[in-house]
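Chemist: Give me a model of this one.
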Amino acid sequence: MYKLLLVEDDDRIVKNLATFLKGEGFLVNSASGQEDALKLLDETRFDLVLLDVSLRDGNGFSLCKAVKQHGDVPVIFVTASGDEYSVVTGLELGADDYISKPFRPRELVSRIRTVLRRSRKGQALLEAGGLVADTARGTVYKDGRELFLSALEYRLLLTFLTNKGSVLSRTKLLEEIWDVAGDFVNDNTLTVYIKRLREKIEEDPQNPRIIKTVRGLGYRVD
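Modeler: Below is the predicted model:
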């Protein structure tokens with residue numbers, strides 16, 4: 001059973017979310033601020049931290065950095081601060097995902113399970129076709145040159161790299177890459193982001209060699 005640390009200063013949210021997550025089979029501890037959270041992290045090994053940006057003491061960004069020093073525990077930001085600066089700052093500090101309030105509880109559970117699945121693979125470096133994704137630093141390189149991806153492009157690429165060799169349907173991809181800005185990613189938007197990602201990582205985006213189309217089924221990275 002996975003053990004989660006919920007760091008949130010709204011008692012109502014803590015009560016409702018903890019009850020829901022426990023019903024989904026998770027063990028949940030909570031803290032309202034940075035000091036309490038750090039004490040719990042010193043005492044207990046958690047599988048994942050759910051973290052708000054605004055806390056009663058300290059802030060989520062500094063706490064995320066501290067959490068990553070406790071054995072690189074996966075972090076998902078759960079916050080109303082869904083602006084691009086906050087999203088990028090959180091991801092650059094090592095956060096594994098970012099979901100904006102208000103959110104659907106089952107969406108959060110799906111995100112939690114996806115992050116836990118990725119973390120179990122235990123790979124800091126993911127490689128394919130001359131690409132290297134450093135998940136510890138949140139950076140991507142192509143033949144030694146750093147690529148600058150949007151948060152959603154980065155998550156899409158990680159989804160492909162962590163499922164290397166498997167065919168991913170469009171439905172599966174949509175489940176994995178909820179927009180970090182809080183907007184729903186529909187089928188047309190997915191097409192746009194795959195096109196943009198190919199333009200950044202492929203030598204010839206019109207004839208992709210990394211993200212391959214499997215007709216009638218989806219996409220695959222070998």
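Chemist: for this protein, which residue is closest to the average position?
Modeler: Among the residues of the chain, the one closest to the centroid is residue 97, at 2.6 Å (CA atoms, centre = their mean).
Chemist: which residues does that one contact?
Modeler: 76, 77, 111, 114, 115, 155, 180 (CB atoms under 8 Å, 6 or more residues apart in numbering). Every residue, glycine included, has its C-beta placed from N, CA and C.
Chemist: Just confirm residue 77 is within a strand.
Modeler: Yes: secondary structure of residue 77 (DSSP: H, G, I helix; E, B strand; the rest coil): part of a strand.
Chemist: lowest average confidence, helix or strand, in the chain?
Modeler: helix 84-92 (a mean of 76; mean pLDDT, DSSP states H and E).
Chemist: list the helices and strands that one packs on?
Modeler: Counting contacts by 3 or more CB pairs under 8 Å, 6 or more residues apart in numbering; DSSP states H and E, helix 84-92 is packed against helix 60-68, strand 75-79, strand 97-100, helix 151-162.
Chemist: from the middle of its chain, how far away would stretch 88-107 be?
Modeler: Its chain's C-alpha centre and that of stretch 88-107 lie 7 Å apart, by CA atoms, centre = their mean, to the nearest Å.
Chemist: buried residues in that stretch?
Modeler: 89, 90, 91, 93, 94, 95, 96, 97, 98, 99, 100 (16 or more other CB atoms under 10 Å).
Chemist: For burial, what's the neighbour tally of the closest residue to residue 11 other than its chain neighbours?
Modeler: Once flanking residues are discounted, residue 11 sits nearest to residue 32: 7.8 Å by CB to CB, 6 or more residues apart in numbering. Neighbour count of residue 32, defined by other CB atoms under 10 Å: 18.
Chemist: wait, doesn't residue 32 sit right on residue 9?
Modeler: Yes: contact criterion CB atoms under 8 Å: residue 32 and residue 9 qualify, at 4.7 Å.
Chemist: Identify the contacts common to those two.
Modeler: 55, 56.
Chemist: Sketch out the helices for this protein, chain order is fine.
Modeler: All helices of the chain, identified by DSSP state H, fall at 11-23, 34-43, 60-68, 84-92, 105-120, 151-162, 170-176, 187-201.
Chemist: buried stuff in the longest one?
Modeler: Of the residues in helix 105-120, 108, 109, 111, 112, 114, 115, 116, 118, 119 count as buried by neighbour count, 16+ other CB under 10 Å.
Chemist: Might you list the low-confidence residue ranges for this structure?
Modeler: For the chain, residues meeting the criterion pLDDT under 70 lie at 1, 70-71, 81-84, 120-124, 136, 178-184.
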